[in-house]
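K.L.:
Pasted the sequence and its predicted model underneath.
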Amino acid sequence: MAKQRIKLVPLVDAEQFQNFLFEDNDSVTLREFLCQCPALSTAPIDDSIMELKLGQLSIAIAQEPPDCPLYRPPGLVIAGGLATNDKQSTNQSTNPTSTATVPAPINSQTQSETKPDTLTTPSDDDFPADISEKDAVKLAYAEQIDSVASFLRTGLSVLVVCEKLVVAHLWQEMARRANLNPIELTVPDEEEGGLMPRSLRQRQLATLKNLINSLKQGDILVIPHLDLLAGGSDTNLPTESRELIELVYKQSDRLILAFVDRSQDIPEVLAARFAVRLLISGVSRTVTYPNGEEKNIGRALVTAEEASHFQDFDPEGLYKNIAGMNPIRLRHAIKYAVQEVAGTEQVPVTRLYQAIRAFKAQTSANFEVPDVSFNDIGGYREVKAELSKALNLMTGSYDLPNEKLRGELIPRGFIFHGPPGTGKTLFAKAIANQLNATIQVVSGPEVTDMYVGESERKVRELFAEARRNAPAVLVFDEFDSIATKRSGRDDGGSRAGNALVAQILTEMDGFRPDVPMLVIGTTNRLDIIDEALLRPSRFKAVTINRPDIQARRAIAQVHAKHFSLDNISPELIEIIATETEGMSGDDIRSLFRDACVGLHCESPPRVPDALRFGELVGLLRKAAIDRNASVAERRTSALDGFRSGERVRPTVAMISLTPQDNL
């Protein structure tokens, strides 16, 4: 009688598998053998064959191509290289009338089974009892994880752009759902001894070379920090980056999953190695559980105990305050807010929003929580009305047919232009306050850098940080210094300026409509701003001129209250508003500041009456006249000296700073 022939692919050491076969085990059944030495078959095995003795079988170790489908023997549960006997299947095999079910093929790349997702869906009105950071990432980014996993299953390498904080949880879940064996590129230990110690990058490259060469079918190479390994632009590639590019292209058939931070840059030639690039940022309004049910993120990522601390907790209202945060940072912010109110009874939900905003400011460089409102800015009713309309669009105050339309109506940014001292930055802070947002004010010249590519990198980092802290307002003071009209000249300065404007345009076009974020530029030279930035879909220009008499009256009232000069009569306020024609809001503020100093810091005290304010207004006008005359005199002197061919002598201020022998 011919023996039944089967081909098996061992899941244990091949030598151990063969030794067991060659031993005197003819009385052992195939089921018992596979419990000891797990293996998959190249063809479905009937349940009745599992009860045959090894002596009745002809078993061969398969040498099939990698794409050959493999099958799990019936009745066996294989996990982590071990096999157990499924009793139900055994019972079925003893029944001669039972029909054996042909098992489905296993993905030959993994030779393992995808573990089921352990996330459970709370009922509609319930919050989860607890949630880990890993589960928060899996819930918040379920759609993106599934998308990456589908690309990986088809053999396409993927480059993911996301924040470093979520990388570890993302790659593990992506590999699990793709049913692949992940091989992580880790930081190698420091080398001991050796005449020429290698740098960290060099050691990582050596490790990467070994890993990529040893990848087998079903393996995937995971590079969690590709940007740190190969940072830089195409124009300035370090030696290690060139070696890395050569290595990954040489092994172009290897499957790679890599991650970079959005604030970092990698050479385009390296990014092109990946068939798919995917951006993951912020959080969506809803999350999807493994069973397909959707929940608002404010209900899915906040525990019942945490929500109980705040009266009228509103998951939808929470989203407006955390849209730009990744799920791990969101969990940190909620824990921080709960800690802030620990030991007290229920507090208004506004305390939660205030705590989240404070958390953002404390954990992010240069971001602050503004305390300026529109009530602190006198006058400018037309400007306030225009800005309030845009803010109401962003906060959802208007009832629109759908959210997509709202996204198209929301402005991405404003350019406040007008003379100096008219309160342009103050308006930006008031906007941030009304949005319950954090704000970062950056001076335009601080962004520029002498090194190629550094200015663009700073812009990327600023926008990335603002997105992480959304709702956020990013203010560029002296915007004209980084957004001047692009030039067709081929000199280095023009190329650098053009690249900086192009980077700003790229960042402006990358806005998510559901993430409340505004970019504001302030300038007194709107005429030199690049026209592409002035398109209505990017920056909306808002004129903030010197205040008219109504605005000056309101500004005077605001500052009289601010500096505790409550005894100033309405008649004096009216006189001040009339006599300060042509002055800016900052000039008017300086009047009340100096009046406050005279009242409290001089001896004898200077009473802030009409005479005192008349003196202060006169000093301001005299300073302005002297300043203008000095500028005109310098210009005339320089022009006359140029016409006569004489060398212009330096001013007194210049002499004090210039060695005499150089005159």
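P.N.:
Looks like it came in fine. Model, not experiment: these values are computed from the prediction.

K.L.:
got a list of what residue 560 touches?
P.N.:
Applying C-beta atoms under 8 Å, 6 or more residues apart in numbering, one finds that residue 560 lies in contact with 566, 568, 573, 592. From N, CA and C alone the C-beta is placed, and that goes for glycine too.

K.L.:
Go through the residues you listed and flag which are in helices.
P.N.:
Among the contacts of residue 560, DSSP state H puts 573, 592 in helices.

K.L.:
Quickly name whichever of the contacts of residue 560 is closest to residue 186.
P.N.:
residue 592 (61.9 Å; C-beta to C-beta).

K.L.:
Could you check how far that closest one is from residue 607?
P.N.:
Going from residue 592 to residue 607 by C-beta to C-beta, to the nearest Å gives 14 Å.

K.L.:
can you confirm residue 6 is in a strand?
P.N.:
Yes - per DSSP: H, G, I helix; E, B strand; the rest coil, residue 6 lies within a strand segment.

K.L.:
Test my guess that it contacts residue 62.
P.N.:
No - contact criterion C-beta atoms under 8 Å: residue 6 and residue 62 do not qualify, at 9.3 Å.

K.L.:
circling back to that earlier point, between residue 592 and residue 607, which is the more surrounded one?
P.N.:
The neighbour comparison of residue 592 against residue 607 (other C-beta atoms under 10 Å) goes to residue 592, with 24 against 11.

K.L.:
With adjacent residues omitted, what lies nearest to the more buried one?
P.N.:
Spatial nearest neighbour of residue 592, excluding adjacent residues (C-beta to C-beta, 6 or more residues apart in numbering): residue 559 at 4.0 Å.

K.L.:
quick one, phi/psi of residue 470?
P.N.:
For residue 470, the backbone dihedrals (degrees, to the nearest 10) come out as phi -60, psi 140.

K.L.:
need the contact list for it.
P.N.:
Contacts of residue 470 by C-beta under 8 Å, 6+ apart are 282, 323-325, 437, 515-517.

K.L.:
cool, residue 395 as well?
P.N.:
320, 435, 516.

K.L.:
now do residue 448
P.N.:
Under the contact definition (C-beta under 8 Å, 6+ apart), the residues listed for residue 448 are 455, 481-482, 496, 500.

K.L.:
for residue 356, same thing?
P.N.:
321-322, 333-334, 336-337.

K.L.:
Kindly reformat the residues you listed as JSON lines containing secondary structure.
P.N.:
Converted to JSON lines, the contacts of residue 356 look like this (three-state DSSP):
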{"residue": "321", "secondary structure": "helix"}
{"residue": "322", "secondary structure": "helix"}
{"residue": "333", "secondary structure": "helix"}
{"residue": "334", "secondary structure": "helix"}
{"residue": "336", "secondary structure": "helix"}
{"residue": "337", "secondary structure": "helix"}
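
K.L.:
which of those residues sit farthest apart?
P.N.:
321 and 336, at 12.9 Å, using C-beta to C-beta across those.

K.L.:
the more surrounded of these two?
P.N.:
residue 321 (24 against 16).

K.L.:
pretty sure that one contacts residue 436?
P.N.:
Yes - shown here, residue 321 and residue 436 form a contact pair, counting by C-beta under 8 Å, at 6.2 Å.

K.L.:
Mind listing the shared neighbours of those two?
P.N.:
Shared contacts of residue 321 and residue 436, defined by C-beta under 8 Å, 6+ apart, are found at 353, 357, 471.

K.L.:
Of the contacts of residue 356, which one scores lowest on pLDDT?
P.N.:
Here the lowest pLDDT out of these sits on residue 321, with 81.

K.L.:
In contact with that residue, which residues?
P.N.:
Counted by C-beta under 8 Å, 6+ apart, residue 321 has contacts 353, 356-357, 436, 471.
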